[in-house]
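Q: got a sequence here, can you build the structure:
(2 chains)
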Amino acid sequence: MPSPRYTPADIERVTLVLGMEIHVELATRTKVFSRAANPANSRAGHGEASPPNTLIDPVVLALPGSLPILNREAVEMSMMVGIALGCTIAERTKWDRKSYFYPDLPKAYQISQYDMPLCFDGAIDIPNCDDRGEPDPMLGFARIGIIRAHLEEDAGKLLHELPASDARGSTRIDHSIVDLNRAGAPLLEIVTQPDFTSADQAVAFARLLRMICRFLGITEGIMQKGHMRFEPNINCIISLKNGRTATTPITEVKNLNSFRSLKGAIEHELREQPRRWLEDSIEFGPGTKTTRGWNDARNETFLQRSKEDAHDYRYFPDPDLPVLEIDDAWRESARASIPELPISRLWRLRKSHGLDAREAIALVEERPVAEFFDQAVSRASDAGVPGDRAGRLVANILLQNGAKRVNERTTEQPTDPSEREEPDDESSTLTVADLGITPAAVGTLAALREKGSISAQSLDILFGLLCDPAHAGADPETLARERNLIIVRDDAAMERWCAQVLADNAPIVDQIKGGKLQAIGRLVGNVMKLSGGTADAAQVRTKLLDMIGVKE
Amino acid sequence: MPADADPSLPGPLTDATVRKVASLARLAIADDHVALYQHQLSDVLKYIERLRTLDLEGVEPLTHAGDTLNRMRDDEVGPMLTNADAIALAPESTGPFIKVPKVIGDGGGA
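A: Numbers count the residues shown, from 1 in each chain, chains lettered A, B, ... in the order given. A predicted model of the protein is given here:
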């Protein structure tokens, strides 16, 4: 029975129901079932830049007689993600054929996992976001259930126009073309429960998942290259003012490979679904699910296929691949190889070191930076910096002196602008861990500063020197002495320099006494010059004001 | 007890099912062959249905016919074919690519 027609005014509220499927391309050296190189690993000397149809072998091309053999590394990487997401790791798992015909799928079936996934029944607590959208553990957590994470093979690429590099003139073609380099690359499919309550939360989860996967070293995580693809399943519950509720049909948006498009697609569907329902009265039920694509230019989703033409995949166990059994020892060795992960680190940096959410994110986003931070803090503590100060000092050094030099070096080598659309998508970004300065040197600089042995300006100079290969491994304190950057704590000398400067600048002293306090800068400068840069500017200022007899 | 006497078993395959299976397998079948396949495929299913007469109480489902376990390899790149090999095997090609008829829409894969 069709429901009566309603108008927007009848709607009391709309509640989002949202779950996600995420495909992660694993960065193994080879494909999941054969020894052809994997384009999703740029370090193996092949990578996405390989010429079309060269990362292939008889298994990839499905030549007669070829047989798949499972890549152990792909299983281990998948187990690590499963464990990080709180999943149970199957004691016994198997491989199934998912059959469909498509030009990018040479075997006419994809090897996947149907009813016995490698990882299942997990959950992850993600920090709530502050009003700038930064995940902040101090604001509490939301639990996202993980239904399963299974390992499968990727398809090749079907292109409908020539890549610019292969086109002589126009890229338009009247046929389609296939590149099988990606075919057979290992793909981890993660399926969440419909636990998300907003687009922002889904995006925060997506970002954290990317951080976790990159931390584990299981993917390069370059969004533009499709290393992570997000597929939100979206519908909503419409509460009407008359007390009735209506549930809209589920829409699956395929293959989103940027956080911006993920957010856009969810927000678009949340706006459109109530409008569609007002128009067609179609509610959630069998056969109503639709698949939509994302139009980046128009910022909207478009219909790809309705469930009536849904594929019948005829899953069945792959007879070429034996069952896989995972014993306790193997599972525990995977668990043991997992480092402290970003969410736990965020919590620690916020709670123990008193950093704000943005600082904490900046320091845990990349594993080399996170580990650099910890090592530097540990060195600073060993050198006598109190525990509650060490984190703050090291964070300041990395996020100010370090970030300044990272920016300088990044602008020296401009990368392809098309690669730079979303700043946090750059996997090959230079970090403070690449500058050449060691964590120990940063820890020592923090300790020198804490003791008042060097000024802020000297710290920056020393940081720069220690990044220079010519000073690699130098002891910061020795270097500071050689450069006369150690603050002179000689009170008699300080007294002498200040007295001399005051005597030489009687008119300025009078101005200051008359209330023109900013004139002190010139006197401070003169004292610094007399000290050969070894005095601390803040101390000089205090001393001068004291001697003049003026209070701030 | 003969399998076809069990009322819980499915009846013979319908005309529509045969046509659907053929279409999923990309097989063109002539109208006058449908009845033949209907009959033959039903016989195959009926044969397999005999398993239902067994008492399988407490028997673990068999997930794989072989008894090999955990056949795996190390993650080391092996010999690969060249682009020329792939192109030579393709019915049609253009430059380094395999050429196929224009395909619209998505494959529903991965």
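
Q: closest residue of chain B to chain A?
A: Of all residues in chain B, residue B:78 sits closest to chain A, at 2.9 Å by Cβ to the nearest Cβ. C-beta here means a position set from N, CA and C on the backbone, and glycine is covered the same way.

Q: surely that residue meets residue A:29?
A: No. The pair residue B:78 / residue A:29 is not scored as a contact, 10.4 Å apart, by Cβ atoms under 8 Å.

Q: more neighbours: which of those two?
A: Counted by other Cβ atoms under 10 Å in any protein chain shown, residue B:78 and residue A:29 do not tie: residue A:29 has more neighbours, with 18 against 12.

Q: contacting residues for that one?
A: A:37, A:38, A:41, A:44, A:73, B:75, B:76, B:77 (Cβ atoms under 8 Å, 6 or more residues apart in numbering or on different chains).

Q: over to the closest residue to the third one other than its chain neighbours: give its phi and psi.
A: It stands for residue A:41. Using Cβ to Cβ, 6 or more residues apart in numbering or on different chains and skipping residues adjacent in sequence, the residue nearest residue A:41 is residue A:27, 4.5 Å away. Residue A:27 adopts backbone torsions of phi -90, psi 50, taken as degrees, to the nearest 10.

Q: show me the contacts for residue A:27.
A: Counting by Cβ under 8 Å, 6+ apart, the residues that residue A:27 touches are A:38, A:40, A:41, A:43, A:77, A:217, A:218, A:219, A:220, A:227.

Q: what subset of those is buried?
A: A:38, A:40, A:41, A:77, A:218, A:219, A:220, A:227 (16 or more other Cβ atoms under 10 Å in any protein chain shown).

Q: and the residue of chain A nearest chain B?
A: In chain A, the residue that lies nearest chain B is residue A:35 (2.9 Å; Cβ to the nearest Cβ).

Q: how much space between the residue nearest to residue A:41 and residue A:47?
A: 10 Å (Cβ to Cβ, to the nearest Å).

Q: anything in contact with each of those two?
A: Shared contacts of residue A:27 and residue A:47 (Cβ under 8 Å, 6+ apart): residue A:41.

Q: wouldn't the residue of chain A closest to chain B be in contact with residue A:184 here?
A: No. Contact criterion Cβ under 8 Å: residue A:35 and residue A:184 do not qualify, at 10.3 Å.

Q: on the three-state scheme, residue A:302 is what?
A: Going by DSSP: H, G, I helix; E, B strand; the rest coil, the secondary structure assigned to residue A:302 is strand.

Q: wait, it touches residue A:291, no?
A: No. In terms of Cβ under 8 Å, residue A:302 does not count as a neighbour of residue A:291; the distance is 10.3 Å.

Q: between these two, which one's more packed in?
A: residue A:291 (21 against 10).

Q: for residue 52, grab phi and psi.
A: Unless you meant another one, I'm taking chain A. The phi/psi pair for residue A:52 (degrees, to the nearest 10) reads phi -60, psi 150.

Q: now swap in residue B:62 and tell me
A: Per degrees, to the nearest 10, the backbone of residue B:62 is at phi -80, psi 120.

Q: return the residues in contact with the residue of chain B closest to chain A.
A: A:30, A:34, A:35, A:36, A:57.

Q: circling back to that earlier point, can you check the pLDDT for the residue of chain A closest to chain B?
A: We have a pLDDT of 97 for residue A:35.

Q: with residue A:427 instead?
A: Each residue has a pLDDT score; the one for residue A:427 is 45.

Q: do residue A:487 as well
A: 81.

Q: can you check the one 4 residues further on too?
A: Looking at residue A:491, its pLDDT stands at 80.

Q: and the gap between it and residue A:535?
A: Taking Cβ to Cβ, one finds residue A:491 at 11 Å from residue A:535.

Q: who's more crowded, these two?
A: residue A:535 (24 against 10).

Q: find the nearest non-adjacent residue to the residue of chain B positioned farthest from its centre, please.
A: Distance from the C-alpha centroid of chain B, by Cα atoms, centre = their mean, peaks at residue B:95 (33.0 Å). Nearest residue to residue B:95 in three dimensions, chain neighbours excluded: residue A:166, at 5.5 Å (Cβ to Cβ, 6+ apart).

Q: also residue A:505?
A: Per Cβ to Cβ, 6+ apart, closest to residue A:505 is residue A:523, 6.1 Å.

Q: is residue A:370 within a helix or a strand, and which one?
A: helix A:367-382 (DSSP states H and E).

Q: now do that helix, average pLDDT.
A: 96.

Q: and residue A:537, how far is that from residue A:499?
A: 18 Å.

Q: between those two, who's got more neighbours?
A: Legend: neighbour count by other Cβ under 10 Å for residue A:537 and residue A:499, higher for residue A:537 (18 against 11).

Q: wasn't residue A:479 part of a helix?
A: Yes. Under three-state DSSP, residue A:479 falls within a helix.

Q: and residue A:144, bridged to which residues?
A: Counting by DSSP bridges, residue A:144 forms beta bridges with residue A:124.

Q: how about low-confidence regions in chain B?
A: Within chain B, the ranges that satisfy pLDDT under 70 run B:1-11, B:104-110.

Q: hey, where'd the helices end up in it?
A: Along chain B, the stretches classed as helices by DSSP state H are B:15-24, B:31-49, B:83-89.

Q: could I get those as CSV with mean neighbour count?
A: Formatted as CSV, the helices of chain B follow (neighbours: other Cβ atoms under 10 Å in any protein chain shown):
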stretch, mean neighbour count
helix B:15-24, 14
helix B:31-49, 13
helix B:83-89, 16
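
Q: okay, now the domains of chain A?
A: Domains of chain A are assigned by automatic domain parsing as A:10-328, A:342-482, A:491-548.

Q: for those domains, give me TSV that also has distance to residue B:85.
A: Output for the domains of chain A, formatted as TSV (distance: least, Cβ to Cβ, whole Å):
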stretch	distance to residue B:85
domain A:10-328	8
domain A:342-482	32
domain A:491-548	68
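
Q: coming back round to it: surely the residue farthest from the centre of chain B touches residue A:168?
A: No. Shown here, residue B:95 and residue A:168 do not form a contact pair, counting by Cβ under 8 Å, at 9.8 Å.

Q: what's the burial count for the closest residue to residue B:100 other than its chain neighbours?
A: Counting by Cβ to Cβ, 6+ apart, residue A:103 is the residue found nearest to residue B:100 once chain neighbours are left out, at 4.3 Å. When neighbours are counted by other Cβ under 10 Å, residue A:103 registers 18.

Q: quickly find the element holding residue A:103.
A: Applying DSSP H and E, one finds residue A:103 in no helix or strand.

Q: residues of stretch A:314-321 that come out buried?
A: Result for stretch A:314-321 [16+ other Cβ under 10 Å]: buried residues A:317, A:318, A:320, A:321.

Q: which residues touch the second one?
A: If I follow you right, that is residue A:318. Contact analysis of residue A:318 by Cβ under 8 Å, 6+ apart lists A:68, A:94, A:95, A:96, A:97, A:111.
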